[in-house]
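1. give me the fold of what follows.
(4 chains)
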Protein chains: 4
Amino acid sequence: MIPRYTRPEMAEIWSPETKYRIWFEIEAHATDKLAELGVVPESAAKAVWKAKDANFDIARIDAIEAEVKHDVIAFLTHLGEIVGEDARFVHQGLTSSDVLDTCLAVQMKRSADLLLEGMDRVLAALKARAMEHKHTICIGRSHGIHAEPTTMGLKFARFYAEFARGRERLVRARDEIATCAISGAIGTFANVDPAVEEHVAEKMGLTVEPISTQVIPRDRHANYFAALGIIASAIENIAIEVRHLQRSEVREAQEYFSPGQKGSSAMPHKRNPILTENLTGLARLVRSAVIPAMENVALWHERDISHSSVERGIGPDANIHLDFALHRTSGMIEKLIVHPERCRENLNAFGGIHNSQRVLLALTQAGASREESYRLVQRNGMKTWDEGGMLVDYLKADADVTARLSADQIEACFDDAYHLKHVDTIFDRVFAHD
Amino acid sequence: MIPRYTRPEMAEIWSPETKYRIWFEIEAHATDKLAELGVVPESAAKAVWKAKDANFDIARIDAIEAEVKHDVIAFLTHLGEIVGEDARFVHQGLTSSDVLDTCLAVQMKRSADLLLEGMDRVLAALKARAMEHKHTICIGRSHGIHAEPTTMGLKFARFYAEFARGRERLVRARDEIATCAISGAIGTFANVDPAVEEHVAEKMGLTVEPISTQVIPRDRHANYFAALGIIASAIENIAIEVRHLQRSEVREAQEYFSPGQKGSSAMPHKRNPILTENLTGLARLVRSAVIPAMENVALWHERDISHSSVERGIGPDANIHLDFALHRTSGMIEKLIVHPERCRENLNAFGGIHNSQRVLLALTQAGASREESYRLVQRNGMKTWDEGGMLVDYLKADADVTARLSADQIEACFDDAYHLKHVDTIFDRVFAHD
Amino acid sequence: MIPRYTRPEMAEIWSPETKYRIWFEIEAHATDKLAELGVVPESAAKAVWKAKDANFDIARIDAIEAEVKHDVIAFLTHLGEIVGEDARFVHQGLTSSDVLDTCLAVQMKRSADLLLEGMDRVLAALKARAMEHKHTICIGRSHGIHAEPTTMGLKFARFYAEFARGRERLVRARDEIATCAISGAIGTFANVDPAVEEHVAEKMGLTVEPISTQVIPRDRHANYFAALGIIASAIENIAIEVRHLQRSEVREAQEYFSPGQKGSSAMPHKRNPILTENLTGLARLVRSAVIPAMENVALWHERDISHSSVERGIGPDANIHLDFALHRTSGMIEKLIVHPERCRENLNAFGGIHNSQRVLLALTQAGASREESYRLVQRNGMKTWDEGGMLVDYLKADADVTARLSADQIEACFDDAYHLKHVDTIFDRVFAHD
Amino acid sequence: MIPRYTRPEMAEIWSPETKYRIWFEIEAHATDKLAELGVVPESAAKAVWKAKDANFDIARIDAIEAEVKHDVIAFLTHLGEIVGEDARFVHQGLTSSDVLDTCLAVQMKRSADLLLEGMDRVLAALKARAMEHKHTICIGRSHGIHAEPTTMGLKFARFYAEFARGRERLVRARDEIATCAISGAIGTFANVDPAVEEHVAEKMGLTVEPISTQVIPRDRHANYFAALGIIASAIENIAIEVRHLQRSEVREAQEYFSPGQKGSSAMPHKRNPILTENLTGLARLVRSAVIPAMENVALWHERDISHSSVERGIGPDANIHLDFALHRTSGMIEKLIVHPERCRENLNAFGGIHNSQRVLLALTQAGASREESYRLVQRNGMKTWDEGGMLVDYLKADADVTARLSADQIEACFDDAYHLKHVDTIFDRVFAHD
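-> Reported below is the predicted structural model:
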């Protein structure tokens, strides 16, 4: 957890306060059911709820844990200090992991819900900017080289589609991780009736884990962190695009630069894409959780605790960093300054060679072989590239070309609107279901 | 691709022969639609299908590629050698990636289908062994230490549940990856009507990619390889379990050892769990594709080709290794020798201390405090552990215990069937929907 | 940073207090040299050192940063509040990264030194236990299956050798990372003389970075984190060994269990190897820094800042977790309870089949072919394994064997001391240079 | 192994032919020593060498292995078919891993030597281009934004320094991996004298592994693959730089484009940086070996064989891909087309704002406060950026500036040579030791 990359909403989910609150709720609901089943006295169930509004004393719990070296026992001991004598019925037949793993499931589910809010904000921003720049023409680039025209709106739209897929995956990953296990020391329910698990699951907003072994199986968690890693990569995808667009030589877009902000201590004129560079790094951080989470899957026999230290790290960290990154991404997109006139300058910087494909087709349809067409276009295209000037003019001066195409036919190949005729189709595909 | 870890069925999907066959089909279907749209002559569409049953000459294509340094042009040139003059209409308005990426989608989809067959075999094996050993009692272990009884069937059942989840994820990952993009140099359909994409998608068993940018977005692939990584981790999970069960000191299960097989050049008596050790390593190999696949997501602008070399590696490798691993896993489970009598020996090796939890509960319910109960059980449990003998006897000789529990009550805590009373419940949960 | 896995010594290196202290020292030494070169007034250099014993007000710096959005400017502004007017000469010609990267180098170097102390403690513990158990015979296992005798001392000795290699690598990684760059905005020393860099390097205990580009090249850091990842894997290697030795069925060694410690809330008799399971997880966490650190190497042109957020995470985290893990490993080894009698019980549990290799050799040397020898040993070994009893007895009752070997010759194959005759040789190799 | 990314020199090291050749040499040298020690007859040692020039029949070995399911036994059986009766003395006291692991060490060492040749070629190319373009001025960029001038030579020089470090690490990694273990089933030399190991080590060009446990410890291999991963990242670093320089808007450098090469099937004018994009992907592939290699370190007890399948993949693959990448990098650098005139155009494209830092210093030295200087430079810098024109002119027209600096003083800030005055110093540091 890096303070500057932490939003309080997510930090709170992973705070000790929240953790003990969830432990309490699990224990209290379990005790309710145990009482109903006649395993513990009704009075015990009632007594437990006395701690409902209590503020658990974290320092006190830490002190007990330092002595007994067991976190759940420390908590239960402290709970006993609040609730009194009846606390001895709490946790009856449960094992620590019943509490710990179910609590983790609640934290993961809440984290997912918060991340989904973040994704919705990103999606809304992307959609708004896509609509705004649906027809803002700019050069499309493959290999960093000018190719054919596209629009700024299509860039936003493709990120939107990618985020929408990421959102779906996260919803599924959330639902997969949100299971409750109250199944005892080895998952056999030897000392606790499955009805307790069902009751706690319902009260905590979880589904029942069909088969656990003291622990909830870790493929669920691996899947969750993988989903986060892919979303982080989608953020990196946006970040790389913006960083490219903001390059000094490109300048088609620019992160918002607040009046008070100093770009660099040494070069005051610089407006650096530091938000998106930062997001690029955060993506690496979030992805770093994926392999450890997969290494956590194969535990020894019915469980070993090797996964626990990993999750104490990646549980909060990956969620917190991604949460922060989503909101940084949203803010960045919402305020991104797009320069349509600069887009057009770049588009036209190379004499219209981005239309060479059209000339190629026109030549082929006029009867030239693929090879001949290719050769004709290539030689005029390279002349334009090397010497400047307009491709259309070189073509009109090339006798081999004019033997195939009239001047009008050549000029028709250089109408940019031609490239954008299917933008509506694509937008319909992407945004139709919203 | 490591020959010894390669099944021909999967290797074939990734062979040059298959690749060129798919390329041909994409080009031929595209030409059909182009003809229907009037973009190319009907005769051209017909002519292309002349190559339907042709065996493409891979050496010839390689030779052309060595000259032109472009694989799709090399293929099209060779196609022209087969089809003749009309070949110049093929690929009209398409870009290489339209063919390459759609082909990759077909290969990934077929790979997924083959992997799903492998998973079904694993699932069937796990289910059969789960049913067979539903009531084969054995000790459950947490931290590698004896805990409470469980059954061998529950072990198989939990792996079944994990594989069933992995299967669902793979189905979704397959559906996500199975998209077709025929959208031209920058994804704008400038030179090819979207109807061509729709037609090819339908013919190739794919869905339409809503928005592409010369390439299909790589989050789809990242998600696929992540799904593979999690399945590989599930295989590792089984492998680790079997390796533990086969340890000399445990011997509850054992990989099948064929009569002709030599265990080791130096120690002829040894029966080593080499299949599951091998699977442990294969899991690491499959997982190694996950991060590169995520690094492939952020391409420059509308595409760069950095992902391609990565996919030439992980595309076949991860699919081939996992395919092999699934069948090795299946065979291993199908033939696994389980030793129920040895399970029972281990279960009873420590004087019944696995029932200490029950004694703890009995004491608490008889009025002892949690702390007192714990202390009483702990001191007798440790005596049993350190000195041998039966816990039940120590308890019956402990005046502090007998002050709370009668001899009958103590003995009732040592009935193993008690632990298995919910096995049916769990099996119902796991296998109910099959 | 996870509080429970953090030692204050390492946390302090990465605290804001330490960071600002190092920043101050870099700026102050730089100003000294700048004054000497006549770039800034002598009085300025003197003035700066007024802040030598100042406690920088972190809240105040944070507040300034919130406004100017630049950490170094915020610090310099605060420094000006302490030092006064002359502060305007501080940082003359430097760029922020000169301070940030040199500071990081100092923190990494100090971290390395602290880790080396931790490694020395581990090495000392391993050596002591190796000497103590040099001749404590136990069964060696390959594939988890009994093979031939070895000693507990050899186990410690091999971990010692592995840690000694890890130590050497860390020393080199430390020396590689400990460079100073004061080279200006793009590494050309345009506005700052190389003599400043040399001076600061010397004062801060660093070497001069031969060529920087605003930043110190990140292959140095990648190498550092890779060294940490390998040491973490060495810890995992020890952890896995101890976890195996502590298994209920093995019980050859056991983590120290303090009197007040409760093993599990539900099963009071259990003594779980929780330290080594925890170390297994920590190893995964430390390793998770390796790939991000390598992804940080390729920055755009003379620098982008994507590495920074990654390093804010992995810089402290990997160092802190490994530091903690080293001391947990040390303590665990120092106090590890070894059970020599239990080692011997396990060694002899399978009728002496671990000597089958020797019988094989004896048969071969007595004239049997490799194949025949193998067959004879295998059939008697398997009988011993399957039916119990002693291999030596089966062999003496096998006419095909006794046709080759006398009873004495057979019995001579079962002397355990035979296996340990080269222990001294190995110890000499491992510990000779200490 | 991907054929198109494989050079035959490296592939040969990892071929079955080479493997069996090395196995033979290890066995033959071991037999020599065993004969000398009197363990096997002299005649046996002589007989073995009969196979010295034999071509081992790989199909035959495969067939035997299919039956006995053990590769070394299969090889030894085949060796017996060549050598005859005396073959039964071969491999006496050895275990399979003695041969396998020592062979792997030989292959890794040879691979390292070949990679070092590749690195030397890269280094030579970088040095030559650095010298050639030592004074080719160009804009340096941080965050993708113009900063201050640097030279193309400094770019090559910094990659040179990074590769030189990578080379040193690889030399050390090679030396670490090049150890010989002939220590028997569990590493105790029970059945084979350490003198055999020493002899084989010397003959095979290896050092003696001080302590092995059937296997050579895997931290050595992890360190080797980590070294490869960092070199791959250094290649990525170069690749990213070239890809940026070749962007349509930048065009300061360009990969060599052979006359026959077609850039794209659709856009014939395009010259894409496909070599460096390819190298970017190959870097990801090589790095993917690092984590599995680290996961291989912690084997169970004296060995398990999980590492083996991993190494069958990453052993050849990482070496082959990096070998190919090094030569592709070399060729790319050797032929890279640099456009000095374009560098100068870009440098001057923004009205000289890259000199704003110098103006800032001049103002400060003329008595302005840091804040005032910053404000003055920022407002004129932003005007230049937003409106075009030359910064020097804006400054001369700004009364607040001219109140501090004369026109001459302002103009003196815009001399580019100023930025390059320490290029010699840096080159001396980087190339002095060659």
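2. can you map out the strands along the stretch 301-434 of chain A?
-> For the stretch 301-434 of chain A, the strands defined by DSSP state E, counting those that start in this stretch cover A:337-338.
3. averaged pLDDT, the strand or helix carrying residue A:164. What do you get?
-> Using DSSP states H and E, residue A:164 sits in helix A:152-177. Throughout helix A:152-177, pLDDT has a mean value of 98.
4. low-confidence stretches in the stretch 51-200 of chain A?
-> By pLDDT under 70, the stretch 51-200 of chain A contains no weakly predicted segment.
5. in it, which spans are strands?
-> Using DSSP E, counting those that start in this stretch, strands in the stretch 51-200 of chain A cover A:137-142, A:145-151, A:179-180.
6. which one, of those, ends up nearest to residue A:346?
-> Among these, the nearest to residue A:346 by C-beta to C-beta is strand A:137-142 (5.5 Å). All C-beta atoms are positioned from the backbone trio N, CA, C, and that covers glycine.
7. with just CA atoms, put that closest one into PDB.
-> Output of strand A:137-142 as PDB, limited to C-alpha atoms (Å, rounded to 0.1, in the frame of the first residue of the first chain):
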ATOM      1  CA  ILE A 137     -10.300  12.700 -38.100                       C
ATOM      2  CA  CYS A 138      -6.700  11.700 -37.400                       C
ATOM      3  CA  ILE A 139      -4.100   9.500 -38.900                       C
ATOM      4  CA  GLY A 140      -4.200   5.900 -37.900                       C
ATOM      5  CA  ARG A 141      -0.800   4.300 -37.300                       C
ATOM      6  CA  SER A 142       0.500   0.800 -37.500                       C
END
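8. relative to strand A:137-142, how tilted is the helix holding residue A:164?
-> 60 degrees (axes from the mean of the first three to the mean of the last three C-alpha atoms, to 10 degrees).
9. touching chain B at all, helix A:152-177?
-> Yes: applying C-beta under 8 Å from any C-beta of the partner chain, one finds helix A:152-177 touching chain B at A:154, A:157, A:158, A:161, A:162, A:165, A:166, A:169, A:172, A:176.
10. farthest pair in those?
-> A:154 and A:176 (33.2 Å).
11. helices or strands next to the helix holding residue A:164 in the packing?
-> Here helix A:152-177 touches helix A:96-132, helix A:219-246, helix A:423-431, helix B:152-177, helix B:219-246, going by 3 or more C-beta pairs under 8 Å, 6 or more residues apart in numbering or on different chains; DSSP states H and E.
12. in CSV: those helices, plus mean neighbour count.
-> Formatted as CSV, those follow (neighbours: other C-beta atoms under 10 Å in any protein chain shown):
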stretch, mean neighbour count
helix A:96-132, 22
helix A:219-246, 26
helix A:423-431, 17
helix B:152-177, 22
helix B:219-246, 26
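13. quick one, which of these is nearest to residue B:415?
-> helix B:152-177 (18.4 Å).
14. please state the offset of the closest one from the chain centre?
-> 8 Å (C-alpha atoms, centre = their mean, to the nearest Å).
15. what's the angle from that helix to helix A:219-246?
-> Going by the same axes, to 10 degrees, helix B:152-177 makes 20 degrees with helix A:219-246.
16. point out where the stretch 251-400 of chain A drops to low pLDDT.
-> A:259-269.
17. mind redoing it with 80?
-> A:258-270, A:385 (pLDDT under 80).
18. might you name the residue of the stretch 101-250 of chain A sitting closest to chain C?
-> residue A:185 (4.8 Å; C-beta to the nearest C-beta).
19. ranges for the helices of the stretch 201-350 of chain A?
-> Secondary structure of the stretch 201-350 of chain A (DSSP state H, counting those that start in this stretch): helices located at A:219-246, A:274-287, A:290-295, A:306-335, A:340-347.
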